[in-house]
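K.L.:
Please work out how this folds:
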Amino acid sequence: MKNIRSFWFIVIITILAIIIDLPKNYRLNFSLGPIKVDRIISGPSLDLKLGSFVFKKDFSTKYGLDLSGGTHLLLEADMKDIPAGDRKDAYDASKNVIEKRVNLYGLTEPVVQQAKTGESYRIIVELPGISDLNQAVELVGKTAQLDFREEGSPSAKVTEATTAAILDILAMRKTELTGKNLKKAQVSFNPQTGKPEVALEFDSTGAKLFETITSKNVGKPLGIFLDDQILSYPPPIVQSTISGGLAVISGQFSSSYAKELSISLNAGALPVPIKIIEQKNIGATLGQESVQKSMTAGGIGLFIVGLFMIFNYGILGFIAVLALIIYTLLTFAIFRLIPVTLTLAGIAGFILSIGMAVDANILIFERMKEEIRWGQDRINAIQIGFDRAFPSIRDSNISSLITCGILYWFGSGVIRGFAVTLAIGIFMSLFSAITVTKTFLRLIYKER
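P.N.:
Down below sits the predicted model:
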């Protein structure tokens, strides 16, 4: 019964993987007698709406800068006001802030690297898939200095909702509460209106400051400013004293703006002024042709490995090939779900993990052969073969995962892409060898 449940579980997740793996747009063209069909079918996507909660997911393959193009920015840090002894630390901090900001945006294969020449402190930023230069500049260059301002003495009448007019009528003055007291910012949705908000959590110092500020401004507006720009007009009115260090920024903004705002606040302010000295869109250096060649090479390799397995192990090899196909479908579906940005190096890691998945099957099958030669029946040989081969499979994969971790930690850009795809492939190869292959073998030989 357990094997039957495992079999149907494998069938269901494989069907789901096939649906996710379908191309974004493909043409369906066939004819059956008088029936002719010729239409473009859109790829899979997930649209979920539960009351005010809306979730939308597009299952498409994300390609890196070398395959799909993107945006290239060359930045320069202004060190004129930084002491000579502190410039390296400020330079490293600027690079780290920019890299963190880009990673928070969801780009898994950005290139953020330093390029110091003489007294010029430059940072190269390459963003795959972002063709809008203004979007890239806003993402990388925003300083995101948050402060809270309380009402002063009214001095004029407002005629238009400009920042200058708001400051004039309210004479808002800065408080001691700033972005440095912020622990975390994240997007949330108002349970009553369903509109996006940004939830803030302050540290212990910020919580005390915020409680003090709200206690003396009950019934008065409290302005929230980002880089001297007010976030919402009219400013929110303090309804009561707020303790605990939790607050919400709400206003007439979209979900995308709320996400970008939370990213900017989480990333913090740049330690030195940054100016953009070069910005351009770049095309794919390798392009779709290289993707097709890589896929063809992977398909040829899979076919040859399949022939080898069937020739050497017969029905066992056929089961291994079937498990390998399921492994490939599931792994690619995970790449789309996360999503993982595929570079040519990432595709290489994926293909390499296919070979490692076969390696686990070979260890299991050879151990099963030994058990059968020693007098075990098929069912017992399957169980003993898996049990005794597993320590070797586990240890070899752990060593590979350690290597992936080192590559990801010390590498950047395409090296990280290779490490991520290889690590995902290793985890899925364990599932393929231990669960899929074992389930199929037990079902076949139990029936016999």
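K.L.:
low pLDDT regions in the stretch 301-448 of the chain?
P.N.:
For the stretch 301-448 of the chain, applying pLDDT under 70 flags the ranges 412-413, 446-448.
K.L.:
repeat that for 50
P.N.:
Scanning the stretch 301-448 of the chain for pLDDT under 50 picks out no residues.
K.L.:
Excluding chain neighbours, give the residue nearest to Lys216 in space.
P.N.:
Of all residues not flanking Lys216 in the chain, Glu150 sits nearest, at 7.9 Å (CB to CB, 6 or more residues apart in numbering). From N, CA and C alone the C-beta is placed, and that goes for glycine too.
K.L.:
correct me, but that neighbour touches Ser215?
P.N.:
No. Between Glu150 and Ser215 there is no contact under CB atoms under 8 Å: 11.4 Å.
K.L.:
between those two, who's got more neighbours?
P.N.:
Set side by side, Glu150 and Ser215 show unequal neighbour counts under other CB atoms under 10 Å, the larger going to Glu150 at 21 against 13.
K.L.:
ok, now which ones touch the more buried one?
P.N.:
The contact partners of Glu150, taken as CB atoms under 8 Å, 6 or more residues apart in numbering, are 172-173, 175, 213, 216-217, 220, 222-223.
K.L.:
Who is it paired with across the strands?
P.N.:
Applying DSSP bridges to Glu150 yields these beta-bridge partners: Arg173, Leu222.
K.L.:
start the count at 136, not 1, going forward
P.N.:
Happy to do that; since the first residue is 136 now, the last one works out to Glu285.
K.L.:
Arg308 versus that one, what's the distance?
P.N.:
6 Å (CB to CB, to the nearest Å).
K.L.:
now Ile559
P.N.:
52 Å.
K.L.:
which of the two has more neighbours?
P.N.:
It is Ile559, of Ile559 and Arg308, that has more neighbours when counted by other CB under 10 Å, with 22 against 12.
K.L.:
Show me what the helix or strand harbouring that one packs onto, helices and strands only.
P.N.:
Using DSSP states H and E, Ile559 falls within helix 549-566. Counting contacts by 3 or more CB pairs under 8 Å, 6 or more residues apart in numbering; DSSP states H and E, helix 549-566 is packed against helix 450-472, strand 476-477, helix 479-508, helix 513-545.
K.L.:
again, only this time at 7 Å
P.N.:
helix 450-472, helix 479-508, helix 513-545 (3 or more CB pairs under 7 Å, 6 or more residues apart in numbering; DSSP states H and E).
K.L.:
which one of those lies closest to Asn138?
P.N.:
Counting by CB to CB, Asn138 lies closest to helix 513-545 out of the helices and strands packed on helix 549-566; the figure is 11.1 Å.
K.L.:
Show me how far that closest one is from its chain's centre.
P.N.:
26 Å (CA atoms, centre = their mean, to the nearest Å).
K.L.:
Leu477: how many residues sit nearby?
P.N.:
Here the number of neighbours of Leu477 (other CB under 10 Å) works out to 28.
K.L.:
That one is in contact with Ser195, isn't it?
P.N.:
No. Using CB atoms under 7 Å, Leu477 is not in contact with Ser195; the gap is 11.2 Å.
K.L.:
And what about the residue of the chain most remote from its centre, helix, strand or coil?
P.N.:
Largest separation from the mean C-alpha position in the chain: Gly510, at 50.7 Å (CA atoms, centre = their mean). Under DSSP: H, G, I helix; E, B strand; the rest coil, Gly510 falls in the coil class.
K.L.:
what's the distance between it and Ala516?
P.N.:
Distance, Gly510 to Ala516, by CB to CB: 9 Å.
K.L.:
ok, now Ala492?
P.N.:
Distance of Ala492 to Ala516, given as CB to CB: 21 Å.
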